[in-house]
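**Student:** sequence-free structure coming up:
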Ligand SMILES: Cc1ncc(COP(=O)(O)O)c(C=O)c1O
Ligand SMILES: Cc1ncc(COP(=O)(O)O)c(C=O)c1O
Ligand SMILES: [Mg+2]
Ligand SMILES: [Mg+2]
Ligand SMILES: [Mg+2]
Ligand SMILES: [Mg+2]
């Protein structure tokens, strides 16, 4: 049976990435050694790192004056690195979910945090609008895609203070106007690579403005200067990231990704809306994520939730259980998820309807 | 031509680890998915993490009251996590090399650092002895194996303050009496796994004694409580680590590793000493590393260094260039390096001698 991987992260990667990585695990770049065993200072791996950074910049059309870094520690370590490096006295945060909230919590250790708005009271099922950002904030932090709740900020904001964005779960899903951001970061384990590498896009000129002493590994300047090789980088995840970047380019770049993602999401949201057995947890269309599509059973079919889960699992749907804080189902439709997988899930929903709706 | 991998790190891994990882990259635990694509919360990966931690404890005979953690960020991030978590007012450091020195430097941000001794004046070619550790130090930090210089502390010390050890490059090379340590850590990319995962063995009771607020990801208690799953762990490196742990067990455990390592090192050090063209950079036998064996051309053959490098490279010796601060050659003889590779290098040295020594 074909497995359709709807996992929220780590999640599906392109077949190309899987094949190339499997090959390199056996013999990397003709060295006769595994990519797991080669020095990160070998010319073969340095070439991988250089190409990954160059392609990352090319695909997102990153302007001059920005650095791209690959570091360890996950997006969660960025939650403290951001205030460590950027917060003088005050920072503003938009509370759109558990991750946004965790990011905000770390900033409390470094100064005054202003929560400009929150959708917590509604289990984060919408993106707040119409808030004010204090003009004296050192930065404003947003989470563009809220992996757990299925909401997404799909446009690049024009604001009055440096903009910092956690794009863990929507990087490379659409073109981004990087010039509007001071810093973009994320764990790579959704649209890019296996877990273990974190990407950071940082505008060089925003660094070096705080007074506090920053531990070497937490200082972005260390990794800029070291070209992501100050210490041993996560070699295999970086290798795999490069394969995914090549695949994205080959598919037509981030604009092509966006088109595919919009098409996939439309198919699934349409079925959720149409099918009387299901309903979406995010109501505003503009807030609906193209990456994590959350739905629950309609009220009159509530008691069939477990049954649908089993029904879909038996048909090869993997990783569709919703996060425990939301319940129901979450189908993650990252770049690498083929349309056929979305169609297979929609077919399941229709079949289930035929069995239960008279 | 067979490649003999003497790289200092990332470095050679057992064939078993390479094969099992290559398989899992294609199909992990019968899931039909790549190990790069499965949720870290899947029962299959949770089983990997649990088994890796259990086997880690078993092989090193770790007593009750210690936790084993797998985190990201490399050993270099530990350099700041250690003082963040353990330093009240004062910490003592033994300066045996560049890594020891970097660890010490981070501690300066958190309190008073006492360097008890240093071999810097002699390019770190010996391990200082006969120093005093201040009784009021919160901990004493050592680097048991100095990867760059080829010196090693091969015995577990009895001292009067909590002992913290960087074992990046000799973990699992010999039995360790963990009860003598408060904390042991290291990047896994030598004897254990591909780069991207860092191991920490920590005595639970030493934590929670400092006043400062610790960022969540830098607090060891976060990872103890989260069982190394507080955030997304580096899945592939952890999977590979488990394979290496299984292989070590299969070979007879760390005592068997030690025996093999002693035999391999004896063969190479003997040749270095015997062969008139070469000499070791570490003179005291008791300080000589079993993991990184450093040697240079004897004075009268100095101008043949490049020629020997080419000669050996042409015969399949990979990664034998010494660190630029020491020069000459470094053959890393980690657990997974077969005796045959050491013999091949020795054969090169003898052949080279036959060509040049009348
Ligand atoms: C939006 C978002 N931010 C941050 C994280 C945390 O990332 P990591 O596990 O790499 O620390 C996640 C993980 O799922 C996420 O979805
Ligand atoms: C003894 C020792 N400590 C620390 C490090 C740094 O490790 P990482 O690159 O994982 O930060 C190394 C790397 O070679 C090392 O050999
Ligand atoms: Mg696949
Ligand atoms: Mg409906
Ligand atoms: Mg091999
Ligand atoms: Mg000699």
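**Tutor:** Structure's in. What do you need? These figures come from a predicted structure and were not determined experimentally. Ligands and ions are numbered 1, 2, ... in the order given.
**Student:** which residue packs closest to the closest residue to ligand 4 within the stretch 51-200 of chain A, ignoring adjacent ones?
**Tutor:** Taking CB to the ion as the measure, the stretch 51-200 of chain A has residue A:150 as its residue closest to ligand 4, at 14.9 Å. C-betas here are computed from N, CA, C, even on glycine. Spatial nearest neighbour of residue A:150, excluding adjacent residues (CB to CB, 6 or more residues apart in numbering or on different chains): residue A:294 at 3.6 Å.
**Student:** ok, residue A:276 touching residue A:357?
**Tutor:** Yes. With contact defined as CB atoms under 8 Å, residue A:276 reaches residue A:357; the gap is 5.8 Å.
**Student:** what about the helices in the stretch 251-358 of chain A?
**Tutor:** Remark: helices assigned in the stretch 251-358 of chain A by DSSP state H, counting those that start in this stretch are A:253-274, A:305-314, A:339-356.
**Student:** who touches residue A:280 in this structure?
**Tutor:** A:150, A:269, A:272, A:273, A:288, A:293, A:294, A:295 (CB atoms under 8 Å, 6 or more residues apart in numbering or on different chains).
**Student:** name the member of those with the most neighbours.
**Tutor:** In terms of neighbours by other CB atoms under 10 Å in any protein chain shown, the contacts of residue A:280 top out with residue A:150 at 29 neighbours.
**Student:** stretch A:128-145 and chain B in contact?
**Tutor:** No. Contact of stretch A:128-145 with chain B is not found when judged by CB under 8 Å from any CB of the partner chain; the minimum separation is 14.6 Å.
**Student:** what comes up buried for that stretch?
**Tutor:** Buried residues in stretch A:128-145, defined by neighbour count with 16 or more other CB atoms under 10 Å in any protein chain shown: A:128, A:133, A:137, A:138, A:139, A:140, A:141, A:142, A:143, A:144, A:145.
**Student:** can you check stretch A:288-304 too?
**Tutor:** Along stretch A:288-304, these residues count as buried under the neighbour rule (16+ other CB under 10 Å): A:288, A:289, A:290, A:291, A:292, A:293, A:294, A:295, A:296, A:297, A:301, A:304.
**Student:** endpoints of that stretch, how far apart?
**Tutor:** Chord length of stretch A:288-304, first to last residue, is 24 Å (CA to CA, to the nearest Å).
**Student:** follow-up on the earlier one: ok, the residue nearest to residue A:150 - contacts?
**Tutor:** Taking CB under 8 Å, 6+ apart, one finds A:149, A:150, A:280, A:281, A:282, A:322, A:326, A:328, A:329, A:330 in contact with residue A:294.
**Student:** quick check, nearest of the residues you listed to residue B:251?
**Tutor:** Taking CB to CB as the measure, residue B:251 sits nearest to residue A:330 out of the contacts of residue A:294, at 43.6 Å.
**Student:** count of neighbours near the closest one?
**Tutor:** 24.
**Student:** do residue A:67 as well
**Tutor:** Neighbours around residue A:67, by other CB under 10 Å: 20.
**Student:** does stretch A:7-21 reach chain B?
**Tutor:** Yes. Counting by CB under 8 Å from any CB, chain B has neighbours in stretch A:7-21: A:7, A:8, A:9, A:10, A:11, A:12, A:13, A:17, A:18, A:21.
**Student:** now that stretch: buried residues?
**Tutor:** Quick answer for stretch A:7-21 (16+ other CB under 10 Å): A:7-14, A:16-18, A:20-21.
**Student:** list the buried residues in whichever strand or helix holds residue A:75.
**Tutor:** Following DSSP states H and E, one finds residue A:75 within helix A:74-86. Within helix A:74-86, the residues scored as buried using 16+ other CB under 10 Å are A:74-86.
**Student:** residue A:254 - how many residues pack around it?
**Tutor:** 22.
**Student:** quick one: it and residue A:56 touch, right?
**Tutor:** No. Assessed by CB under 8 Å, residue A:254 is found out of contact with residue A:56, at 11.1 Å.
**Student:** still on that earlier bit, how close does the residue of the stretch 51-200 of chain A closest to ligand 4 sit to residue A:97?
**Tutor:** Residue A:150 sits 10 Å away from residue A:97, going by CB to CB, to the nearest Å.
**Student:** how close does residue A:175 sit to residue B:320?
**Tutor:** Taken as CB to CB, the span from residue A:175 to residue B:320 is 47 Å.
**Student:** more crowded one of these two?
**Tutor:** Neighbours were tallied for residue A:175 and for residue B:320 using other CB under 10 Å; the higher tally belongs to residue B:320 (23 against 15).
**Student:** give the full set of residues in contact with that one.
**Tutor:** Contacts of residue B:320 (CB under 8 Å, 6+ apart): B:6, B:309, B:312, B:313, B:329, B:330, B:331, B:345.
**Student:** mind redoing it with 10 Å?
**Tutor:** B:4-8, B:293, B:295, B:308-309, B:312-313, B:328-332, B:345, B:348 (CB atoms under 10 Å, 6 or more residues apart in numbering or on different chains).
**Student:** pLDDT score assigned to the spatially most central residue of chain A?
**Tutor:** Among the residues of chain A, the one closest to the centroid is residue A:169, at 1.5 Å (CA atoms, centre = their mean). pLDDT recorded at residue A:169 is 98.
**Student:** ok, it touching residue A:186?
**Tutor:** Yes. Judged on CB atoms under 10 Å, residue A:169 makes contact with residue A:186 at a distance of 7.2 Å.
**Student:** separation between residue A:326 and residue A:356?
**Tutor:** Here residue A:326 is placed at a distance of 23 Å from residue A:356 (CB to CB).
**Student:** in which helix or strand would I find the residue lying closest to residue A:160 once chain neighbours are set aside?
**Tutor:** Spatial nearest neighbour of residue A:160, excluding adjacent residues (CB to CB, 6+ apart): residue A:135 at 5.7 Å. Assessed by DSSP H and E, residue A:135 sits outside every helix and strand.
**Student:** cool, and residue A:239?
**Tutor:** Going by DSSP H and E, residue A:239 is in helix A:235-251.
**Student:** so what's residue A:136 closest to, chain neighbours aside?
**Tutor:** Using CB to CB, 6+ apart and skipping the chain neighbours, the partner closest in space to residue A:136 is residue A:90 (6.0 Å).
**Student:** from residue A:218, how far out is that neighbour?
**Tutor:** Distance, residue A:90 to residue A:218, using CB to CB: 20 Å.
**Student:** next one: residue A:51
**Tutor:** Taken as CB to CB, the span from residue A:51 to residue A:218 is 27 Å.
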